[in-house]
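Peer 1: Here you go, sequence then predicted model.
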Amino acid sequence: MSTPGADEGRDPADAGRAALYAPFRPRYARIVTLAFAGVVAVLTVVLIVTFPQLAPDSEVLGDQIGFGLVGAGITLFCWRQATVAARVSPEGIAVRNLVFSRRLGWAEVVLVRYGEGRPWAQLDRADGTTLAVMGVQRADGARAEREARRLATLVELHTRTERDD
């Protein structure tokens with residue numbers, strides 16, 4: 001709860017800047033994968049605990065270890081998917097995708113592409129390559145479109161030159 005006058009000293013420009021530099025994270029993919037990871041983790045534990053009663057004649061310890069490894073692998077994959085994001089700062093953008101993470105300076109980014117059936121935003125880089133930004137996913141609908149525009153605004157803000165070329 002805020003106290004009266006607590007926001008009086010804040011500059012509205014600082015709040016706008018903080019919103020502009022907020023991390024980019026998918027919403028629906030994060031919710032679904034975290035829920036699925038929780039279900040897999042619980043079911044893995046239940047299976048490991050009840051397996052000796054389900055198959056008394058089998059090699060129980062080896063099977064339990066196998067189930068644990070598979071459950072842990074699925075849970076880890078889901079966690080990684082749930083943590084994809086792009087963090088921006090005045091210096092550049094750090095993109096954490098499903099497999100790889102990259103940090104780029106703003107001078108390395110030429111354009112943001114979103115649409116045309118793309119599942120997520122894409123950065124066109126100065127060296128001719130592209131980089132997917134899975135933190136802005138089409139599954140988030142209108143929110144993702146707003147986030148793609150915000151990312152494009154940041155690129156324009158940090159790559160503008162005197163000649164604007």
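Peer 2: Great, that's in hand. Owing to the predicted nature of the structure, the values given are computational and were not obtained by experimental measurement.

Peer 1: so what strands line up beside the lengthiest strand in the chain?
Peer 2: Longest strand in the chain by number of residues (criterion: DSSP state E): strand 130-137. Sheet pairing of strand 130-137 (DSSP bridges) gives strand 120-125 (antiparallel).

Peer 1: Contacts for the strand it pairs with next, please.
Peer 2: 24, 93, 95, 104, 108-114, 130-138, 144, 147-148, 151, 155 (CB atoms under 8 Å, 6 or more residues apart in numbering). All C-beta atoms are positioned from the backbone trio N, CA, C, and that covers glycine.

Peer 1: Out of the residues you listed, which end up buried?
Peer 2: Buried members of the contacts of strand 120-125, scored by 16 or more other CB atoms under 10 Å, are 24, 93, 95, 104, 108-109, 112-114, 131-138, 144, 147-148, 151, 155.

Peer 1: For the residue positioned nearest the centre of the chain, which non-adjacent residue is spatially closest?
Peer 2: Ranked by distance to the mean C-alpha position of the chain (CA atoms, centre = their mean), the top residue is residue 84 at 2.2 Å. Computed as CB to CB, 6 or more residues apart in numbering, the closest residue to residue 84 that is not its neighbour in sequence is residue 134, at 4.2 Å.

Peer 1: With residue 57 as the reference, measure out to that neighbour.
Peer 2: Distance, residue 134 to residue 57, using CB to CB, to the nearest Å: 46 Å.

Peer 1: With residue 35 instead?
Peer 2: 35 Å.

Peer 1: Show me which of the two is the more surrounded one.
Peer 2: Per other CB atoms under 10 Å, whichever of residue 35 and residue 57 has more neighbours is residue 35, with 12 against 5.

Peer 1: Figure out how far the helix or strand harbouring the more buried one is from the centre of its chain.
Peer 2: Element membership for residue 35, per DSSP states H and E: helix 28-54. Centroid displacement of helix 28-54 relative to its chain, using CA atoms, centre = their mean, to the nearest Å, is 22 Å.
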